[in-house]
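Student: Give me coordinates for this.
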Amino acid sequence: MTEAVSIRPGAASDLRAIAAIEKSAAQQPWSLSQFVEASLSEHNASLVLTDPQNRVLGFALYQQVADEATLLNIAVLPEAQGRGVGGRLLQGLLERLAALGARRLLLEVRRSNSRAIALYRRHGFVEDGVRSAYYPAAEGREDALLMSRRLAVLETVE
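Tutor: Below you'll find the predicted structure:
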């Protein structure tokens, strides 16, 4: 499936699709208004992964300040999961951030989200620490694992 997909910068017209993906994929989903608010920040941007019909299958929302970036949110439609879409989206994000001069990407992930943790590790992320009781959970709170990856800044040849 990853051959037929493309990645492009997210646009305001994608926000409803992004919020719908989030609602279908996340334990504690962001609302449409949270995505709208996040998209208005000067340091935030998004990438969307689309199928040949330009249907949004996944998104990554990130923040970049100087040479450091933070992955704020990433999700893939449940029916597209397990087909390499998330890995392709994450790789596209890593490439974009390197091209923009980021030297490091940070993220946090629920300790129980073993599929996401495995994806991040496959893409070179390492565990940096734990943020105790960070996420709301069905029974109390859940820890967040803090992870990061160094990025090689892409040099442009003139």
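Student: hey, let's count contacts and neighbours off CA atoms from now on
Tutor: Fine.
Student: element containing Gly87?
Tutor: helix 85-99 (DSSP states H and E).
Student: residues in contact with Leu32?
Tutor: By C-alpha atoms under 8 Å, 6 or more residues apart in numbering, the contact set of Leu32 is Leu15, Arg16, Ala19.
Student: can we see that at 6 Å?
Tutor: Ala19 (C-alpha atoms under 6 Å, 6 or more residues apart in numbering).
Student: Next: Glu68.
Tutor: Per C-alpha under 6 Å, 6+ apart, neighbours of Glu68: Ala102, Arg103, Arg104.
Student: Run a quick neighbour tally on Lys23.
Tutor: Taking other C-alpha atoms under 10 Å as the neighbour definition, Lys23 ends up with a count of 17.
Student: distance of it from Val130?
Tutor: Distance, Lys23 to Val130, using C-alpha to C-alpha, to the nearest Å: 26 Å.
Student: Gln34 too?
Tutor: Counting by C-alpha to C-alpha, the separation of Gln34 from Val130 is 25 Å.
Student: okay, those two: which has more neighbours?
Tutor: Shown here are Gln34 and Val130; by other C-alpha under 10 Å, Val130 has more neighbours (16 against 11).
Student: Thought Leu145 was touching the more buried one, still the case?
Tutor: Yes. Assessed by C-alpha atoms under 6 Å, Val130 is found in contact with Leu145 at 4.7 Å.
Student: list the helices and strands the helix holding Gly87 packs on?
Tutor: Under the contact criterion of 3 or more C-alpha pairs under 6 Å, 6 or more residues apart in numbering; DSSP states H and E, helix 85-99 touches no helix or strand at all.
Student: If you average the pLDDT over stretch 149-158, what comes out?
Tutor: Taken as a whole, stretch 149-158 has an average pLDDT of 70.
Student: cool, and stretch 131-141?
Tutor: On average, stretch 131-141 scores 91.
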